[in-house]
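Asks: compute the structure for the input listed below.
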Amino acid sequence: MLPNRTGDGTLRGMTLPRIAIAALGGTICMTPSAEGGVMPKLDAADLVAAVPELEQIGSLHAETLFNLPSSALDFGILRHVLDWAGHQVEQGAEGVVITQGTDSLEESAFFLDLYWQHPQPLVLTGAMRNPGMAGADGPANLLAAAIAAASPSAWGRGVLAVLNDTAHAARRVRKSHTLAPDAFRSPNGGPLGTLVEGRWHWFSSAERRAEPLAPAFITPHVALLETCLGDTGELLDGVLAAKFDGLVLSGFGTGHVSPAFAERLGPVCRRMPVVMASRTGAGHTTQATYGALGSEIDLRKRGVWMAADLDARKARLLLWGLLAAGTPPERLGEAWAAWLQGAPSQ
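Replies: Sure, this is the predicted structure:
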């Protein structure tokens, strides 16, 4: 059930909030192509026109910024999106919605959240089923995202991912299924809220957020490697040879690698920051529980930093942001720890 819009363009006696919507592409805008399969073709105006209920939510400004599958997004594109969203808020938008593909949505949300400095909500959404499929979820997701963007109760919550009538914090959200409409989950704390009869019901008050990162002025290269059974770390040689600026490892359990892998990490830690996350998908890395060779006590002595509750993909984005801001090498470890301490621990 949506709130009623009066004849003079007001919502319950108030002027409708201005909501900016940007389309980046993805399944939500894909239609069949002559070459086979679906391709991103619909623009922002098409997406808005498919959801007439949006007119009851806010005064809309819609733009198509890109029309790409989300696997094609990169840091340059997301920096442009961030600038666009910030400009919309400065021009009076009370909330911003970004539509994109779901494949990289969890990373886009966290990247934008690292820099988002406005109290107004920035909401990402997409679709698991394209518009030509039975039960296409794009229109419902767009409507739910717009309601969140227009909601004063969403202020101060940072960047949200809204899909399947559920709102997730950018720090926690993960895509957990390749095709299911309820593919998104929030390990380490659960979702933030749910949409019921056109209203958002939040499970808790807005959390304290870490200070936004300083603007990026360089583009570092940060590698991500996942360890596995029998892995002795040969790929670390390639990381050194390719002259990466940082490395994130997705390790066993609470942040472990094999003894042979650990022995190779010394030269890497001397060349670049190395962060250890868990490949499990939920929980924290530990600091001082396990003492075997390749466990966290040993790795920390070698210079490895632990990622706490950040998964490897999000740890990579945080490390990228610290490097991109030009943080001096001698202060990187301090800046890493300060960010983790300044953000809510889940």
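
Asks: can you tell me how far Gln100 sits from Ser33?
Replies: 19 Å (Cβ to Cβ, to the nearest Å). C-betas here are computed from N, CA, C, even on glycine.

Asks: of those two, which one has the most company?
Replies: Higher neighbour count among Gln100 and Ser33: Gln100, with 31 against 11, using other Cβ atoms under 10 Å.

Asks: pretty sure that one contacts Ser108?
Replies: Yes: in this structure, Gln100 is within contact of Ser108 by Cβ atoms under 8 Å, at 6.2 Å.

Asks: if I look at the two, which residues touch both of them?
Replies: Common contacts of Gln100 and Ser108 (Cβ atoms under 8 Å, 6 or more residues apart in numbering): 70, 73, 124.

Asks: counting neighbours, what do you get for the second one?
Replies: In this case it means Leu73. 23.

Asks: list the residues that contact Pro191.
Replies: Neighbouring residues of Pro191 by Cβ under 8 Å, 6+ apart: 166-169, 203.

Asks: which among the residues you listed end up buried?
Replies: Neighbour-count burial (16 or more other Cβ atoms under 10 Å) is assigned, among the contacts of Pro191, to 166-169.

Asks: and those residues, which two are furthest apart?
Replies: The distance between the two most remote of the buried ones among the contacts of Pro191 (Cβ to Cβ) is 11.2 Å, for Thr166 and Ala169.

Asks: list the contacts for Ile77?
Replies: Ile77 makes contact with 24, 66, 68, according to Cβ under 8 Å, 6+ apart.

Asks: all helices of this protein, in order?
Replies: 44-49, 75-90, 105-115, 138-149, 235-241, 259-271, 296-301, 312-324, 329-342 (DSSP state H).

Asks: find the centremost residue of this protein, please.
Replies: Centroid-nearest residue in the chain: Ala109, 2.4 Å away (criterion: Cα atoms, centre = their mean).

Asks: quick check: that residue touching Val159?
Replies: Yes: using Cβ under 8 Å, Ala109 is in contact with Val159, at 5.1 Å.

Asks: for the nearest residue to Ile19 once chain neighbours are set aside, what are its contacts?
Replies: Nearest residue to Ile19, sequence neighbours excluded (Cβ to Cβ, 6 or more residues apart in numbering): Gly58, at 3.7 Å. By Cβ under 8 Å, 6+ apart, the contact list for Gly58 reads 16-19, 94-95, 146, 149-150.

Asks: how close does Gly58 get to Thr125?
Replies: Remark: distance between Gly58 and Thr125 (Cβ to Cβ) = 15 Å.

Asks: again, but for Cys269
Replies: From Cys269 to Thr125 the distance is 39 Å (Cβ to Cβ).
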